[in-house]
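Undergrad: coords below, sequence missing:
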């Protein structure tokens, strides 16, 4: 007489064969689990002053902490070597266009890690894609490390007093916040500081 467990196993194998499933695979294949999203959901520097920053700008001059004072600044850490960054770059160009004339908001991209792929530099990339937005250069990743960035693209919103107020990753993948969502966050921060920094 077969045990209940053995009878159930034989029934399962028979059912698998009837459906065209390899019985050996039916017993050894583990259930699949969805992949874990590695994007950070928090940021340790919120509420702190932005780390000391002094970077060359692609269009000349320097980008420093003085640039934060008086306007709410959206800072993007990115790289043209990063597929998610390339997926967001059209949105970043649109973001810059939408806030370009805003008296309370500004945008700066920080290109990090000094990797440029087939373009060999940012100028050929911007020329090929016809992009125009402000970029500072972080080839040695010093700013990336000082700002404790763990993912690109990362968007950090710095208030007009130089304090980090918000953080999110990707505009499309991950958070999926989009351009409108990111601008809404920045405008909310600017509004909260309106009395201290009137336009």
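TA: Nice, thanks for sending it over. What you see is a predicted model, and the numbers here were worked out from it, not measured in a lab.
Undergrad: What are the buried residues along whatever helix or strand residue 188 lives in?
TA: Using DSSP states H and E, residue 188 falls within helix 178-192. Of the residues in helix 178-192, 178, 179, 182, 183, 185, 186, 189, 190 count as buried by neighbour count, 16 or more other C-beta atoms under 10 Å. (Each C-beta comes from the backbone N, C-alpha and C, glycine too.)
Undergrad: The nearest residue to the fifth one once chain neighbours are set aside in helix, strand or coil?
TA: Right, the one you point to is residue 185. Distance criterion C-beta to C-beta, 6 or more residues apart in numbering; nearest residue to residue 185, sequence neighbours excluded, is residue 166 at 5.3 Å. Secondary structure state of residue 166, per DSSP: H, G, I helix; E, B strand; the rest coil, is strand.
Undergrad: Packing partners of the helix holding residue 188?
TA: strand 72-78, helix 83-99, strand 105-112, strand 154-158, strand 164-169 (3 or more C-beta pairs under 8 Å, 6 or more residues apart in numbering; DSSP states H and E).
Undergrad: now do 6 Å
TA: Secondary-structure packing of helix 178-192 (3 or more C-beta pairs under 6 Å, 6 or more residues apart in numbering; DSSP states H and E): strand 72-78, helix 83-99.
Undergrad: what inclination does it have with respect to strand 105-112?
TA: Orientation of helix 178-192 against strand 105-112 (axes from the mean of the first three to the mean of the last three C-alpha atoms, to 10 degrees) gives an angle of 120 degrees.
Undergrad: Just the mean pLDDT for helix 178-192, thanks.
TA: Here helix 178-192 scores 96 as its mean pLDDT.
Undergrad: now it, how far from the chain's geometric center?
TA: Relative to the centre of its chain, helix 178-192 is centred 16 Å away, using C-alpha atoms, centre = their mean, to the nearest Å.
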